[in-house]
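1. sequence? don't have it. structure:
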């Protein structure tokens, strides 16, 4: 089972790729507390107030796509993959997002789906305006943050 | 295949239920151009600039849940169901959303997933502040609006 999203941004495919493959870029839209290596085979650590995720970079092709494997984090996430496909369409750069391989349709999956949308809108804002809304200053959606 | 979301709002379950089961409520967060009957067996018509959806109300139980069947609209939507479950948790009213029964994982499903998140945040704003962001003044996410 997969979480799917799609956004279009007015920035270039290269700008989107940079926001997905540099520590500064990732810290600018997902969570300020980001470190590690964004090279293929490297692990990026994302931390939030309640915990975090470690992502191994499986594939990364400039202005085309990025694929991560979740190697540490909540048990529902470990072993799942997060994929960003980038393409150009109608003067927009389109980001097709997929968080794939959820094993059960748990309530946490509902939460993560909505929260991914919030973060992708933060990515959009970052590449379009230079300023995103990463954690801990992200938009709160519920009691689960 | 399903689109899932989860939000929590500080308004009551009754207020959420009203926003899902009255024409004024629905027009306050999804699209201003809403009409029809919200009774069980009735059909609610939602219109947007590029088209719209007709939803048959299959189940509706105060402060508990609402279930719609899509009876007209884009072919990918017809025959799918949209379900809102309402419950109380930690001083929040939780809305569990499911748009279920997608037959193919098409790019339009990615778009609709992100857009549902935007509209659910509009529902949250409506019940918490009295003012949502329904179409045609909804947040634009891409070239597909």
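-> Arrived safely. Bear in mind the structure is a predicted one, so any value in this text is a computation, not a measurement.

2. just checking: what are the partner strands of the strand with the most length in chain A?
-> In chain A, with assignment by DSSP state E, the single longest strand is strand A:51-61. Using DSSP bridges, the strands paired with strand A:51-61 are strand A:43-48 (antiparallel), strand A:65-72 (antiparallel).

3. mean confidence for that strand?
-> Averaged across strand A:51-61, pLDDT comes to 97.

4. what sits up against that strand?
-> Applying Cβ atoms under 8 Å, 6 or more residues apart in numbering or on different chains, the external contacts of strand A:51-61 come out as A:21, A:31, A:33, A:36-46, A:65-74, A:77, A:81-82. Placement of C-beta: from N, CA and C, glycine included.

5. show me where chain A has helices.
-> Per DSSP state H, chain A carries helices over the ranges A:13-21, A:23-27, A:107-129.

6. does chain B sit close to the longest one?
-> Yes: using Cβ under 8 Å from any Cβ of the partner chain, we find that helix A:107-129 touches chain B at A:107, A:109, A:110, A:111, A:113, A:114, A:117, A:118, A:120, A:121, A:124.

7. right, and the second one touches residue A:4 too?
-> No: counting by Cβ atoms under 8 Å, residue A:109 does not reach residue A:4; the two are 11.9 Å apart.

8. more crowded one of those two?
-> More crowded of residue A:109 and residue A:4, by other Cβ atoms under 10 Å in any protein chain shown: residue A:4, with 24 against 21.

9. give me the pLDDT for the more buried one.
-> The model reports residue A:4 with a pLDDT of 98.

10. list the contacts of residue A:9.
-> Counted by Cβ under 8 Å, 6+ apart, residue A:9 has contacts A:16, A:92, A:93, A:95, A:123, A:124, A:127, A:128, B:142.

11. kindly report the same for residue A:105.
-> By Cβ under 8 Å, 6+ apart, the residues touching residue A:105 are A:1, B:2, B:4.

12. swap the cut-off to 6 Å and go again
-> Counting by Cβ atoms under 6 Å, 6 or more residues apart in numbering or on different chains, residue A:105 makes contact with residue A:1.
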